[in-house]
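1. predicted model follows, preceded by the sequence.
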Amino acid sequence: MSLVSYIVVFLIVWMIMFFVMLPIGVKIPQNHKKGFANSAPEKTNLKTKVIVSFLISFIPSYIIYWIVEKELFHNFFENTYL
């Protein structure tokens, strides 16, 4: 797996992790401000979610890298019985 392939895999995993983390810890206020949507959160904590999802994404990306480098599914995809 080349460096470019690893970066692409990492970015895909990071985007999935980021979108999974977006609704975590969001509080919707009881008193809504005029001009804002009723579902607008008080504080989104986007900076924290970006950093945490970035750090967490290294684990599944490394696992995918390890699987590709060790060719664990090599025999599965080159099975002559299929």
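-> Okay, I see it.
2. tell me, what residue is most central in the chain?
-> In the chain, the centroid-proximal residue (CA atoms, centre = their mean) is residue 17; its distance is 2.1 Å.
3. isn't that residue up against residue 59?
-> No - with contact defined as CB atoms under 8 Å, residue 17 and residue 59 do not form a contacting pair (9.6 Å). For the C-beta atoms, the positions are set from N, CA and C on the backbone; glycine is no exception.
4. now for this structure, the helix or strand with the poorest mean pLDDT.
-> Sorting the helices and strands of the chain by mean pLDDT, DSSP states H and E puts helix 74-77 at the bottom, at a mean of 71.
5. what's the longest helix in the protein?
-> The longest helix of the chain (DSSP state H) is helix 3-21.
6. how about the helix or strand that comes right after it: buried residues?
-> Sequence order places helix 46-56 as the next helix or strand after helix 3-21, per DSSP states H and E. Residues of helix 46-56 classed as buried: 49, 53, 56 (neighbour count, 16 or more other CB atoms under 10 Å).
7. and for stretch 36-47?
-> Under the neighbour-count rule, stretch 36-47 has none buried (16+ other CB under 10 Å).
8. how far out from the middle of the chain is it?
-> Distance of stretch 36-47 from the chain centroid (CA atoms, centre = their mean, to the nearest Å) equals 21 Å.
9. do stretch 34-46 as well
-> Offset of stretch 34-46 from its chain centre (CA atoms, centre = their mean): 23 Å.
10. quick check: mean pLDDT across that stretch?
-> Mean pLDDT, stretch 34-46: 85.
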